[in-house]
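S.K.: quick one: sequence plus predicted model below, questions after.
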Amino acid sequence: MKTNDISTTMNSIFKRILSYLPSLGRGLGVGLLLLVLVSFAASAQSPKTLKQVKKAVYTLQTYDAEGNVLSTGNGFFANDGDFITSYALLPNCAKAVVVDHKGKTHEVVKVLGANETYDIVRLQTAPIKKLVNTPIDTTSTMEHTSLFLPAIGKEKKVYDKWIPVLSTEQAAGNYHYFTLHHAGSPALSHRPLLDATGNVVAIVQPSVETDTVLYALDIRYALDLAVKALSVNDRSYRALPLRKALPADIDQALVSLFLVSDQDDAALRSEVIDEFISSFPESHEGYLSRAAHHIALKSDSAYALAEADHTMALERAADKADEVHFQIAKQMLLVALDTLQQYKDWNYERVLAEIDKARAINPLPIYTQQQGDIYITMKDYTSAYEKYMEVNRSDIGSPDTWLRTAYIIEQRAGEGDVEHAIALLDSAVSKAQLTIYNSQLTIQKSAPYVLERALLKARHGLHRPAVADYNLYEELVGTINTDRFYYLREQSEAAGRMFQQALDDIDRAIALAPRQPVYLLEKASLNVRVARYAEALPVLEVLINAFPNDVDCNRLLGFCHIQLGNNSMGCSYLKKAAAMGDTSAKSLLDKYKK
């Protein structure tokens, strides 16, 4: 009888016995079922296939850093170099090897995929000559009535037998999870289970001696395990010290490379970068990433390695040479900015030259903007202005680039530059409105640039125009719950002699931040300035209780008492302020003491 015919016959008998279970009784029916399945075991399994499967089953051994054995477990080869075994064996190991049936060891090279929940890991080993793989069922169905558990080594008296399948469920998507009628045992963990044609269908899940059933996971699940782009941040992968593969797709691998670039774990960065270069040796991104990794080490030897990687990246740049020159420039800039660690000619001039090379290939505005930023660092504001005006006229010109240009002009501080800076901020406001023309967000988008214009005017003593912009900002955004805004506007209002508005705003600031002593002192000072001594006095008394040795509080409190007719008390506060070196208090004391 052929193997397929045997399998069909077994399925038929199994279903018939199941139909008799109600009349036979569950115990008698299951017993009869087991008897039938065992009677077919020898003929249902091809000796040739079984021998192949046994040769594909290896032992996994893990070692610590000192070479001591940490753990031992089962596993088998399912594809060329793909070894399926237990995830739990691998955390904390420094090295792992697989041992074949002849006792020869083969080193594990990397992790190809892992899942801690199902205790499955797919590994790649160093190349093995004449490697024997288990035949795999890649179209597994839920019709299996029994699965074959092959014996390994000298176990034939114990295993090499069929195990009835009690139930099959779906797990982890479209994969199968089998429950089998067999007592548990740690020795069975991660053994292959075969169907009637000799193909591996499932892999045994971990169990203990007290378990009355075995569980097995669809072999397809193990074969489909693969490192994904986000796996570099996955806790279960990071718990495995062995080298991890990257996604086979370069775009996904680049995501992994990007995610690891900002992490503090230098060892992890180095591992992922090396794996990327190994997997995609003709991609320039790997060499640029390794150069950045070296530069972070801040030593001449590391910079020399980075320089070599820059050369290799350019050799592989193809049609992206401008991008590579630009990235090299940005990496060199980190060294140029470091006043404690310099290297060769990696200075601002060299960085600008690298960007010029990028612009000669592809004159992107972002390259021009980077040059503008470097000129700002060099305090060459005229050159910075020229670069930023070029950016403003490009397709990446934005309210922010106009704002940056205004600050450049403000820093230049030449004749007429303040008015020029204000005009540039006018352009930022207009650009913000035009960018979102006909949008409901027009007001909110332009408001930040109106505020920046107000701050610039205030910095240069144009207080009344600054107040006008503060008012426009408030009109644009509506309710403001920030005490700092009201304090800033109050400063310009007071400087512009708009005293009532200033008093109102300092009260608003205090309402939002009642414990801010700077605001209380400002309120008292402002009231004194407009001769509202009775209003200033209680505020100053609160402050003097909290800050008895504050010079300003003592001087203002002394002056208020004098103005309200309490000369002796006023002079006592002025004496204290004068004793602390306040010349204004001394002048007032000389004027009012009797």
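M.R.: Yep, that arrived.
S.K.: so where's this structure shaky on pLDDT?
M.R.: 1-49, 140-142, 153-159, 435-444, 594 (pLDDT under 70).
S.K.: domain assignment for it?
M.R.: In terms of domains, the chain is parsed into 45-245, 247-363, 379-478, 515-592 (source: automatic domain parsing).
S.K.: check the offset of the first one from the chain's centre.
M.R.: So the one you mean is domain 45-245. The chain centroid and the centroid of domain 45-245 are separated by 33 Å under Cα atoms, centre = their mean, to the nearest Å.
S.K.: same question for the shortest one.
M.R.: Taking the mean C-alpha point of domain 515-592 and that of its whole chain, the gap between them comes to 54 Å (Cα atoms, centre = their mean).
S.K.: go on, stretch 276-288?
M.R.: Centroid separation between stretch 276-288 and its chain, computed with Cα atoms, centre = their mean, is 21 Å.
S.K.: tabulate the CA atom coordinates of it in PDB.
M.R.: The C-alpha atoms that make up stretch 276-288 are tabulated as PDB, following Å, rounded to 0.1, in the frame of the first residue of the first chain:
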ATOM      1  CA  PHE A 276      24.000  46.300   7.200                       C
ATOM      2  CA  ILE A 277      27.400  46.600   5.400                       C
ATOM      3  CA  SER A 278      27.700  42.800   5.300                       C
ATOM      4  CA  SER A 279      24.200  42.500   3.800                       C
ATOM      5  CA  PHE A 280      24.300  45.500   1.500                       C
ATOM      6  CA  PRO A 281      28.000  46.100   0.700                       C
ATOM      7  CA  GLU A 282      27.300  48.300  -2.300                       C
ATOM      8  CA  SER A 283      25.000  50.700  -0.400                       C
ATOM      9  CA  HIS A 284      26.700  54.000   0.700                       C
ATOM     10  CA  GLU A 285      24.400  54.400   3.700                       C
ATOM     11  CA  GLY A 286      26.200  51.700   5.700                       C
ATOM     12  CA  TYR A 287      29.600  53.400   5.300                       C
ATOM     13  CA  LEU A 288      28.100  56.800   6.200                       C
END
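S.K.: neighbouring contacts of it?
M.R.: 245-246, 248, 250, 253-254, 256-257, 273, 289-290, 309-310, 312-314, 316-318, 320, 324, 327-328, 331 (Cβ atoms under 8 Å, 6 or more residues apart in numbering). From N, CA and C alone the C-beta is placed, and that goes for glycine too.
S.K.: for PyMOL, what selects the buried ones among those residues?
M.R.: Command for PyMOL that selects the buried part of the contacts of stretch 276-288, burial taken from 16 or more other Cβ atoms under 10 Å:
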select buried, resi 245+246+250+253+254+256+257+273+289+290+309+310+312+313+314+316+317+320+324+327+328+331
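S.K.: next step: the contacts of stretch 276-288 restricted to helices.
M.R.: If you go by DSSP state H, the contacts of stretch 276-288 have 250, 253-254, 256-257, 273, 289-290, 309-310, 312-314, 324, 327-328, 331 in helices.
S.K.: tell me the contacts of the residue nearest in space to the middle of the chain?
M.R.: By Cα atoms, centre = their mean, the chain has its centre lying nearest to Leu259, at 5.6 Å. Residues in contact with Leu259 (Cβ under 8 Å, 6+ apart) are Ala229, Leu230, Val232, Asn233.
S.K.: which of those sits closest to Leu520?
M.R.: Asn233 (48.9 Å; Cβ to Cβ).
S.K.: out of everything not next to it in sequence, what's closest to that closest one?
M.R.: Leu259 (6.2 Å; Cβ to Cβ, 6 or more residues apart in numbering).
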